[in-house]
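> Provided below for reference: sequence and predicted model.
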Amino acid sequence: MTQPNVLVCSFYTADDYYRGHADNLVKSLDALGVAHELQEIHKAEGEDWADICRKKISFLNRVCVENPDARVFWIDVDCQLTALPDFVREFTADIIGFQRGFGSPLSIGYERKTRFWEPCFFGINTTEAARKFMTDAAQLESTLDIKATDDYFFEESWRANADVLSFHIIPSGCAVRGELSASPLLQPFFVFGASGNVDEFKGKVVQHEAVGAADRAGAPLSKKARKAGLKAAKRVEAVLPDSLRKSLRRVADTTGVTGALIGTDLGGVAPARQALMKSVLHAGQVGDRATLDSAIDSLLGEGVPTATELAAINAARAFGHYSTREGTPIPLIWWARPFPGNFGDWLSPLVIAHYTDRPITYQDPTARSTKPHLISVGSIGRFVKPSSIVIGTGVSTADVELAPKAQFVSLRGPITAELVRASGGPKVTSFGDPGLLLSRVMPAARGETNGRLAFVRHFTHVAIPLVLPDEVDEFSVLISQPDEIREFVDTLTQYDGVVTSAMHVMIICHSYAIPCSLVTFEGFETAVHGTGIKYEDYSRGAGLSRVFNPEPVGLVLDADSLRAGLFSERVSEAKLDEIEAAVKKGISLYR
């Protein structure tokens, strides 16, 4: 039997009221020439309307699985279709349906609503994203023991997958209640028929809260307030002379004002789960293993995790890897975002932890702190505080002041050292990015290679529409856990060479002697923060044969040109000894 390209499905309980509606629905679908599957289900002892409703999830998912090539529509059995317009029958988005409450386009979205969709009529396309939406909803419904209707599980899966789903909202004028009414512009085709059970069960089943509640129940400053604060700060900076502007930034960075303006919102996380997500991250950062494990179990067990949540959980586990060791913790500043973590920034705890058995706890760069702590890998010299012990840190621009009273053990290079002196700090002569120690932290032999090139973008370049040659394999820089970094290193050593727009990927290539080229992309040269001084600072500090600045390339990449740009460089053992000594000294200075 040939599979239909459109299939409408529903179920009904074994009573005269719903059987009658089912008969009417079958007749209307037959008249429209629409394939259908309606099933009679039996209400078990102790089951109520809410229990029956949630069965919609597994039923609809089963129909989707059995009909992989059909656009599958659910319709509540007491509703009717008087037509099936082409724009609905042949929809190309992942999902199609009515907005919650059959809302008008004038109120589109749901910042102050609890749910997005009106699931009495709902279409699932054949795309991978659409079917994953249904699979996630069905998996959650089968495992979550709460009193909830189908709406709850649809909404959970929607919030988890919305960022990757295309959707089509059916105009509100296509739905009518009761008698049909003519429209000169749009002929209604959907007749809504509420059974009356909704009001009875209000307050008795689990409900979502409005998405817009995040700001009202969230951080001390709302997004709107932070945005206004950042604009005001930029206006003030613009009229100040250079010396006062640098001083203002240093004060803002060391007192926590910058952190308040930047904020730490978890965009893409439902308000009800924000607190739990923050608990997961905090437990990982401070080394509370019991809370970390239990909070992660709660997140994974009480809803479909969003991509944002999964990335944050990954980062929390990475925090926990360093923070849950035995002993007195050593606080370390590094840039932990974007989650799950940027490879280069997460080299900081990896390297420091290799040279001490003590736990390493995370300290936010933008938070106020007067207690001693370490700061190491990254262009985060701007966030050095008077209580910092500085090991190999650098800067990305020269328009900042560095706290002159910090303990400067070493710096990334001489440009940062000049900035320290200009800020009233000491003369520093020990240079080198601690990321170069990765070949000592994670030794890896480079044998016969695979004849291909590896390509790694800076995380700010992810959305650039590049065309890669067939002999090039791309890898993500968004990793933080030590085993992921280990796998990443082992993978890169297997390639003829590495092409990257991420400086710390080039740095580890110089550590392992992997041929490498550093690139940027025409039209996107300013995507990476800073003025570009960090490349010369690193190159001179590492004692390299030349300065490695990124070379602009087009968006359509050519394999021969990429290979021609490869350059073999290895940092000397003497330089690695110097960097290693600085790391050990910095750790010993912490009290």
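Now that the structure is in, tell me what you want to look at. Residues are numbered from 1 along each chain as shown.
> Could you use CA atoms for every contact and neighbour count after this?
OK.
> what about stretch 66-73, how long is it end to end?
Start-to-end span of stretch 66-73 (C-alpha to C-alpha, to the nearest Å) is 13 Å.
> I misspoke; the intended subject was stretch 461-478.
Using C-alpha to C-alpha, the end-to-end distance of stretch 461-478 comes to 12 Å.
> now the helices for the stretch 351-500 of the chain?
414-422, 438-441, 482-492 (DSSP state H, counting those that start in this stretch).
> Residue 10: which of these is closest?
Between residue 10 and those, the shortest gap by C-alpha to C-alpha is with helix 482-492, which sits at 45.2 Å.
> C-alpha coordinates for the closest one, PDB please?
In PDB, the C-alpha atoms belonging to helix 482-492 read as follows (Å, rounded to 0.1, in the frame of the first residue of the first chain):
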ATOM      1  CA  PRO A 482      39.700  17.100  29.900                       C
ATOM      2  CA  ASP A 483      38.700  13.900  28.000                       C
ATOM      3  CA  GLU A 484      37.300  16.000  25.200                       C
ATOM      4  CA  ILE A 485      40.500  18.000  25.000                       C
ATOM      5  CA  ARG A 486      42.500  14.800  25.000                       C
ATOM      6  CA  GLU A 487      40.500  13.500  22.100                       C
ATOM      7  CA  PHE A 488      40.800  16.800  20.200                       C
ATOM      8  CA  VAL A 489      44.600  16.800  20.600                       C
ATOM      9  CA  ASP A 490      44.900  13.100  19.500                       C
ATOM     10  CA  THR A 491      42.700  13.900  16.500                       C
ATOM     11  CA  LEU A 492      44.700  16.900  15.300                       C
END
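> Buried ones in it, by neighbour count?
Buried residues in helix 482-492, counting neighbours by 16 or more other C-alpha atoms under 10 Å, are found at 482, 485, 488, 489, 490, 492.
> do you know how far the spatially closest residue to residue 494 that is not a sequence neighbour is from residue 490?
Ranked by C-alpha to C-alpha, 6 or more residues apart in numbering and with sequence neighbours excluded, the top spatial neighbour of residue 494 is residue 449, at 4.8 Å. Distance, residue 449 to residue 490, using C-alpha to C-alpha: 11 Å.
> before we move on, back to that, and the gap between the residue nearest to residue 494 and residue 492?
Computed with C-alpha to C-alpha, the distance linking residue 449 and residue 492 is 10 Å.
> Just name whatever secondary elements the one helix or strand residue 520 maps to is in contact with.
Assignment of secondary structure by DSSP states H and E places residue 520 within strand 516-521. With contacts defined as 3 or more C-alpha pairs under 8 Å, 6 or more residues apart in numbering; DSSP states H and E, the secondary structure elements packing on strand 516-521 are strand 497-500, helix 503-512, strand 551-553.
> so it versus helix 503-512, what angle?
170 degrees (axes from the mean of the first three to the mean of the last three C-alpha atoms, to 10 degrees).
> can I have stretch 384-392 written out in CSV, keeping just the CAs?
What follows is stretch 384-392, C-alpha atoms only, in CSV (Å, rounded to 0.1, in the frame of the first residue of the first chain):
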residue,chain,number,x,y,z
VAL,A,384,43.6,41.2,36.8
LYS,A,385,42.8,42.5,40.3
PRO,A,386,45.2,43.7,43.1
SER,A,387,44.8,40.3,44.8
SER,A,388,45.6,38.3,41.6
ILE,A,389,48.7,36.1,41.0
VAL,A,390,49.3,36.4,37.3
ILE,A,391,50.7,33.5,35.3
GLY,A,392,51.0,34.0,31.5
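> follow-up on the earlier one: state the distance from the residue nearest to residue 494 to residue 164.
36 Å.
> A strand includes residue 280, no?
No. The secondary structure assignment for residue 280 gives helix rather than a strand, going by DSSP: H, G, I helix; E, B strand; the rest coil.
> burial count for it?
Residue 280: 29 surrounding residues under other C-alpha atoms under 10 Å.
> what's the pLDDT at it?
In the prediction, the pLDDT value recorded for residue 280 is 93.
> Settle this for me: it is touching residue 291, isn't it.
Yes. Using C-alpha atoms under 8 Å, residue 280 makes contact with residue 291 at a distance of 7.2 Å.
> sorry, back to before: switch the buried residues of helix 482-492 over to a markdown table; also include pLDDT and distance to residue 39.
Putting the buried residues of helix 482-492 into a markdown table (pLDDT from 0 to 100; distance: C-alpha to C-alpha, whole Å) gives the following:
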| residue | pLDDT | distance to residue 39 |
| --- | --- | --- |
| 482 | 97 | 51 |
| 485 | 98 | 51 |
| 488 | 98 | 51 |
| 489 | 97 | 54 |
| 490 | 97 | 54 |
| 492 | 98 | 54 |
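> ok, residue 512 to residue 392 distance?
Computed with C-alpha to C-alpha, the distance linking residue 512 and residue 392 is 19 Å.
> For those two, work out which one has more neighbours and name it.
residue 392 (30 against 24).
> For that one, report the pLDDT, please.
In the prediction, the pLDDT value recorded for residue 392 is 98.
> Surely it touches residue 379?
No. Here residue 392 does not reach residue 379: they are 9.6 Å apart, not a contact under C-alpha under 8 Å.
> per-domain residue ranges of the chain.
In the domain annotation for the chain, the residue ranges read 6-201, 443-570 (automatic domain parsing).
> Now do the end-to-end distance for the shortest one.
Think domain 443-570. Chord length of domain 443-570, first to last residue, is 14 Å (C-alpha to C-alpha).
> what about that domain, distance to the chain center?
Centroid displacement of domain 443-570 relative to its chain, using C-alpha atoms, centre = their mean, to the nearest Å, is 22 Å.
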